[in-house]
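Student: quick one: sequence plus predicted model below, questions after.
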Number of protein chains: 4
Amino acid sequence: MIIDRGMKALRAAGARAYSAAAAGQLRVGIIGAGRIGQVHAETLAFSCPQAKAVRIVDYFEDVAKKTAAKYGIEHAGQDYMEIINDDSIQAVWICSPSSLHKEQIIAAAKKGKAIFCEKPMATSLADVDEVLKVVEGEGVKLMMAFQRRYDPNFARCRKAIDDGVVGDPLIFHLTSRDPAPPPVDYILKSGGLHNDMAIHDFDQARFMMKSECKRITAYGACRINPEIGTKGGDIDTALTVLEFENGAFGTVDNCRQSPQGYDQRVEVFGTKGQVSFGNNYPSIVEIADNSSVRRADLPLNFFMDRYMDAYRNETIEFVNCVLNNTEPKSTGYDGRAAMVLALAAKKSLLEKRPVETAEIKP
Amino acid sequence: MIIDRGMKALRAAGARAYSAAAAGQLRVGIIGAGRIGQVHAETLAFSCPQAKAVRIVDYFEDVAKKTAAKYGIEHAGQDYMEIINDDSIQAVWICSPSSLHKEQIIAAAKKGKAIFCEKPMATSLADVDEVLKVVEGEGVKLMMAFQRRYDPNFARCRKAIDDGVVGDPLIFHLTSRDPAPPPVDYILKSGGLHNDMAIHDFDQARFMMKSECKRITAYGACRINPEIGTKGGDIDTALTVLEFENGAFGTVDNCRQSPQGYDQRVEVFGTKGQVSFGNNYPSIVEIADNSSVRRADLPLNFFMDRYMDAYRNETIEFVNCVLNNTEPKSTGYDGRAAMVLALAAKKSLLEKRPVETAEIKP
Amino acid sequence: MIIDRGMKALRAAGARAYSAAAAGQLRVGIIGAGRIGQVHAETLAFSCPQAKAVRIVDYFEDVAKKTAAKYGIEHAGQDYMEIINDDSIQAVWICSPSSLHKEQIIAAAKKGKAIFCEKPMATSLADVDEVLKVVEGEGVKLMMAFQRRYDPNFARCRKAIDDGVVGDPLIFHLTSRDPAPPPVDYILKSGGLHNDMAIHDFDQARFMMKSECKRITAYGACRINPEIGTKGGDIDTALTVLEFENGAFGTVDNCRQSPQGYDQRVEVFGTKGQVSFGNNYPSIVEIADNSSVRRADLPLNFFMDRYMDAYRNETIEFVNCVLNNTEPKSTGYDGRAAMVLALAAKKSLLEKRPVETAEIKP
Amino acid sequence: MIIDRGMKALRAAGARAYSAAAAGQLRVGIIGAGRIGQVHAETLAFSCPQAKAVRIVDYFEDVAKKTAAKYGIEHAGQDYMEIINDDSIQAVWICSPSSLHKEQIIAAAKKGKAIFCEKPMATSLADVDEVLKVVEGEGVKLMMAFQRRYDPNFARCRKAIDDGVVGDPLIFHLTSRDPAPPPVDYILKSGGLHNDMAIHDFDQARFMMKSECKRITAYGACRINPEIGTKGGDIDTALTVLEFENGAFGTVDNCRQSPQGYDQRVEVFGTKGQVSFGNNYPSIVEIADNSSVRRADLPLNFFMDRYMDAYRNETIEFVNCVLNNTEPKSTGYDGRAAMVLALAAKKSLLEKRPVETAEIKP
């Protein structure tokens, strides 16, 4: 089973992209100039001298052109094949709508390009496996953009675990709540809370546990906006229990609304100790007056602010992975595994029972 | 069903004990002079001028005598019936081994005495119901000593919820980990982690949610000391999910070992906000040097230190409840409900499935 | 000079009180049944079984009688000589108005009684020296009730310094601000901010530095209530710089008003590290909603709440000092030294220049 | 006197630079390609699309060339006059050794260029006044790079003060301690602790108080490295008291060594409340094990890390000031005022007395 494979084959295969890039600055193409595409274009332009974005495309060609002008990208266009067919391009950043990821990854892989891809890899597990087969067959590097793995807090937690501070992990709690619920229209296209929101936390659970989840139980309700349930067929408040092969278990706590703002916290408890963090704030200023002793501001409220460093770090990381032929912290297999967990969670919620991850098949 | 009854009947019935006490200082008998009996004796002697312990008994009569001398209690003996038969005594503090609680509560109730009882009320649900029937029939007050309800942090959390700060509760997390595991011999007599340890947190979950738990799912493992499993037939690491009638759900996180020491934390998240607290420390001093920026000490490590104020407050509270004929924050029905949850959790763990609390019958 | 003497003479002399007390429970008389007298009476009654208050006197005899009844004190009266002349009494707690301290200490000392005294020892430095001469001559123990030395936070800071965590102290900052200014009438009788309020912090500075202050510079203004200046002839906002013989210097920061409430903080920085603490709160609960992330409550607002443990600890400490013939953490010499600093600060403020403590003479 | 002038003249005069820049992207020259010059070059290249560095010069021409290559700057050279004489350049960033600032500012001003200058403006007060006269006469904008004014914490504190949260400021405490002392050789050229290190805090004191300091008293000692005193003729540990015209007073606390690392904190207390902040850390992760409950890391240890955002913000701010003809938060007059305070502090230390700022003359 693909999910069980080690990383060795991929690592060996990655040599192909590496050789191509060895000469100097990595030449990059960006597919998609929306919000996240712009973030990566900015990083490539300003914070990553060892790479250079040379082409950017977007369905809205004028957006591609404006972005190209802003970040000094030579070519802008509409068709992603302009990037695929540019043999000077060694790596692509896929920032397009999810429904296009599969064909774009496959096309890039077949041209031997290294691939940085926003989640998900594809919209069904069968498609994911098809993608992974091609990627593996072609021996190209694929990094899934689970940005939290590159955030200073999440990464520091994982380092503490790696350092042995926690010992064997026993129980974890991941909290991930959005400031305010999206419109019901968004919900309808999102694939549901587990696929759209919790999937990041499922990835984090695997990242922190360094083990595979074998069973998942989902608890959920529609408490914030009834229309999310009645029209969207979704939940807005969720608690998911994950049981891991290493014996640890823990929770992912999600809500589409958090009055204090974006709430992103981690706690991992083990036989030797505990590692945890709370929220990031615009400043660490405190105010004390006759009404309260309080933070000067609410937590960073928007994921683009909260994960600004993470977005920058992940692009730099992948550039370095390609140039140095090292493995990214989040691979295609991690993307597949997170999707399996999201599917298992959804199944558990619908069937009101614990679901073995082994039940989830393409 | 008893668990569903309102408190009205009990409140009315309580008038009997009240009349007896109306004259002045409440006269108290203490059954059991062990560790917790001594704590209550000290509170009654030094921090509660409106009550006076006049008799104390213990199986080890010399311990009773020494305690009596220390706290100025007039009579000491071995037989709890000395207290039951002393018509001048209006209220009893039951601090004896669990196996004796049932007969002692019934005996006290039949004499019209108000009863402060360490958990559990009895060792089986059938016995609990028998006890409650007598208590109710006799119209005496019964307070179960769930001390956390009287702790400044837990009580302040609940007050915030009462004040509407949280709005409708959505998700809660209760953490309750002991510093170090007890000997396996203790485990064998404890009734298991759910009954011995988590029961306090189950009570807190009900206290914070102000609702009844309708379904419970237990996750658990033996990770700290294998003998707790092999010899004790118990788990030492547990995660329990509780689903409440008000739509909220949440977790109780327990472990028999916590490297940093006794770990007692609460988080309640709702539609309007969140209320939470961390651990208490011997002081709030911080040290910053070239090795770390740290708390000067580890958290208060022993429940007798951590809950010192709570133990004092609960005894004072019950004295006031009797003297003013008000309802304690933790009644016999709360004791029954917590036991139901502990039984449901154990059943869920054994049967590896969610258990409806309605399945738990005497 | 008395301030320069070691503690050896006093320690030796203390043997006299010790012998008297060796037989068993320490017999105590309390002079003054006001607010602080009641606190000590309560501690002696309920939290200190090794001592017993047997007499209490107050100018308002009925207050003495009520207090005696409340705390089980056998005799109540009006005249402090009833305590002095009771040969069964081994130690006295002086909680009377400052103007009476001198004659009461001297009377007690001449009868060989151990003396616990609220600050100040006397109202002038000459009187203080007269008192100290008698105390020393009679070889009795004298403890000045600088309660902060017995507070868990202050004591833990000092312990860290003793443990070498800080290394050689370099700079310190003591913050001590009252919740709200007292009436101007109180100011008029108080001896001024330095004598009334900062004196506690001057004592703490010496306690933390473990050295003598050689020079003091006072900065001050009347910013909160102009009448404190115009009618009271005092300041309400003060910053005082203390330079110590060990080379460290630091500040005492005082204000008669603090919007968030009673503000009591310490920071000591040295060659190896820093130790510090902030304020104590009624609980450690935090609330996070769409207005702010804040403490559930303001800091403990009243010195009787903030220093409750310290008041209890200091009385227990002195009982133990007498019974075990050990030296209290705050002696008569500490009382004298703090007064010297208050006088130097006042002189510095008036003369607008640094004042050497050696300039302050009886 | 220059320091007493309002900003009106400067604001009006600034129109000259503004007109020049109005057409589009601001064209910038950078004088000095050392550590701080590189930081500004990077910001101009990557984080400030509304400006473009077109020339950079450095005494070491190869360094200028490498930096130019790295950040896409067209021209690199050795002589700063290449920048002065380039009429297409509208603004200069002066990042050269302090001894050259005077002539470079004057040269740039005479060409009508806007000037961003690292502190100090010049090495004597007379020279500063000469510079200011020219700058004013030419009507060019001058911003002094007191980066803390642009740091999120310092700026948020000031905003709280501007918002009225603090009320009238009463007492402030600024802490600014370096991780480790520099070599004595550095000390010898530094102008001393007040000029080299405290000057930033003196500027902050003015920034927070929004008032002028009228009197300063310096306390200091050489406690960390005796050679700083014996060879360097300087102190390494300092406490400075500043008294302001608005009636507030407070302290600047400096040390050349801080075991926990770079220590940068602020507290401003006033009639309505207090605003404060502590240190920034690489992450906010906490670790709790059987040794301690601690921050995962020590504070950000190096000023380039701690003030990374501030350095970026200040360059962006000045670009915007020039383009929008607004006043920077730190002007030449602020640079002069901070120097006056550093001179007053040094004089106070040497003469062991409070020094009126009015005593400090060119």
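Tutor: Sure thing, it's come through. Residues are numbered from 1 along each chain as shown, chains lettered A, B, ... in the order given.
Student: state the distance from A:Arg312 to chain B.
Tutor: As for A:Arg312, its distance to chain B is 27 Å (criterion: C-beta to the nearest C-beta, to the nearest Å). Any C-beta I mention is one placed from the backbone N, CA and C, and that applies to glycine too.
Student: now swap in A:Pro328 and tell me
Tutor: 31 Å.
Student: so that residue sits against A:Phe318, correct?
Tutor: Yes. At 5.8 Å, A:Pro328 counts as touching A:Phe318 under the criterion of C-beta atoms under 8 Å.
Student: any residues in contact with both of the two?
Tutor: By C-beta atoms under 8 Å, 6 or more residues apart in numbering or on different chains, A:Pro328 and A:Phe318 have these common neighbours: A:141, A:143.
Student: the two: which has the busier surroundings?
Tutor: A:Phe318 (29 against 25; other C-beta atoms under 10 Å in any protein chain shown).
Student: contacting residues around that one?
Tutor: A:Phe318 neighbours (C-beta under 8 Å, 6+ apart): A:91, A:114, A:116, A:141, A:143, A:328.
Student: once you drop chain neighbours, what's closest to A:Ala68?
Tutor: Nearest residue to A:Ala68, sequence neighbours excluded (C-beta to C-beta, 6 or more residues apart in numbering or on different chains): A:Ala76, at 3.7 Å.
Student: tell me the contacts of the one you found?
Tutor: Applying C-beta under 8 Å, 6+ apart to A:Ala76 gives the contacts A:55-58, A:61, A:64-65, A:67-69.
Student: turn these into a markdown table, including secondary structure and pLDDT.
Tutor: Shown next, in a markdown table, are the contacts of A:Ala76 (DSSP: H, G, I helix; E, B strand; the rest coil; pLDDT from 0 to 100):
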| residue | secondary structure | pLDDT |
| --- | --- | --- |
| A:Arg55 | strand | 98 |
| A:Ile56 | strand | 98 |
| A:Val57 | strand | 98 |
| A:Asp58 | coil | 97 |
| A:Glu61 | helix | 97 |
| A:Ala64 | helix | 97 |
| A:Lys65 | helix | 97 |
| A:Thr67 | helix | 96 |
| A:Ala68 | helix | 96 |
| A:Ala69 | helix | 94 |
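Student: show the buried residues in these.
Tutor: Buried members of the contacts of A:Ala76, scored by 16 or more other C-beta atoms under 10 Å in any protein chain shown, are A:55-58, A:64-65, A:67-68.
Student: what's the closest of those residues to C:His173?
Tutor: C:His173 lies nearest to A:Thr67 out of the buried ones among the contacts of A:Ala76, by C-beta to C-beta, at 51.6 Å.
Student: surely the closest one and A:Ile73 touch.
Tutor: Yes. Assessed by C-beta under 8 Å, A:Thr67 is found in contact with A:Ile73 at 7.0 Å.
Student: stretch A:163-178 and chain C in contact?
Tutor: No. On the criterion C-beta under 8 Å from any C-beta of the partner chain, stretch A:163-178 is out of touch with chain C, staying 10.9 Å away.
Student: around chain B, pick out the residues from chain A.
Tutor: A:167-168, A:170-171, A:173, A:177, A:217, A:219, A:221, A:223-224, A:237, A:239, A:241, A:243, A:247, A:249-251, A:253, A:255, A:257-260, A:263, A:269, A:271-274, A:352-354.
Student: same thing but at 7 Å, please
Tutor: Contacts of chain A with chain B, taken as C-beta under 7 Å from any C-beta of the partner chain, map to A:170-171, A:173, A:217, A:219, A:221, A:223, A:237, A:239, A:241, A:243, A:247, A:249, A:251, A:253, A:255, A:259-260, A:271-274.
Student: can you give me the helices for the stretch 251-362 of chain A?
Tutor: A:303-306, A:308-324, A:332-351 (DSSP state H, counting those that start in this stretch).
Student: just send these back as TSV, with distance to D:Gly232 and mean pLDDT too.
Tutor: Compiled in TSV, the helices of the stretch 251-362 of chain A are given as follows (distance: least, C-beta to C-beta, whole Å; pLDDT from 0 to 100):
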stretch	distance to D:Gly232	mean pLDDT
helix A:303-306	45	90
helix A:308-324	39	95
helix A:332-351	55	97
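Student: determine which stretch of those helices is the most buried.
Tutor: Among the helices of the stretch 251-362 of chain A, helix A:332-351 has the highest mean neighbour count (mean count of other C-beta atoms under 10 Å in any protein chain shown), at a mean of 23.
Student: ok, back up a step: nearest to D:Phe207, of the contacts of A:Phe318?
Tutor: A:Phe116 (43.0 Å).
Student: mind pulling up the pLDDT for the closest residue to A:Cys213 other than its chain neighbours?
Tutor: Spatially, and ignoring its direct neighbours in sequence, A:Cys213 is nearest to A:Leu242 (4.7 Å; C-beta to C-beta, 6+ apart). If you check A:Leu242, the pLDDT there is 98.
Student: the closest residue to A:Cys222 other than its chain neighbours: neighbour count?
Tutor: Leaving aside its sequence neighbours, A:Cys222 sits nearest to A:Gly229 (C-beta to C-beta, 6+ apart; 3.3 Å). A:Gly229: 18 surrounding residues under other C-beta under 10 Å.
Student: now swap in A:Thr123 and tell me
Tutor: The number of residues packed near A:Thr123 is 17, by other C-beta under 10 Å.
Student: what about it, which SS state?
Tutor: coil (DSSP: H, G, I helix; E, B strand; the rest coil).
Student: that one against A:Ser98, yeah?
Tutor: Yes. Judged on C-beta atoms under 7 Å, A:Thr123 makes contact with A:Ser98 at a distance of 5.8 Å.
Student: dump the residue contacts of the nearest residue to A:Arg312 once chain neighbours are set aside.
Tutor: Leaving aside its chain neighbours, A:Arg312 sits nearest to A:Thr43 (4.8 Å; criterion: C-beta to C-beta, 6+ apart). A:Thr43 sits next to A:311-312, A:315-316 when contact means C-beta atoms under 7 Å, 6 or more residues apart in numbering or on different chains.
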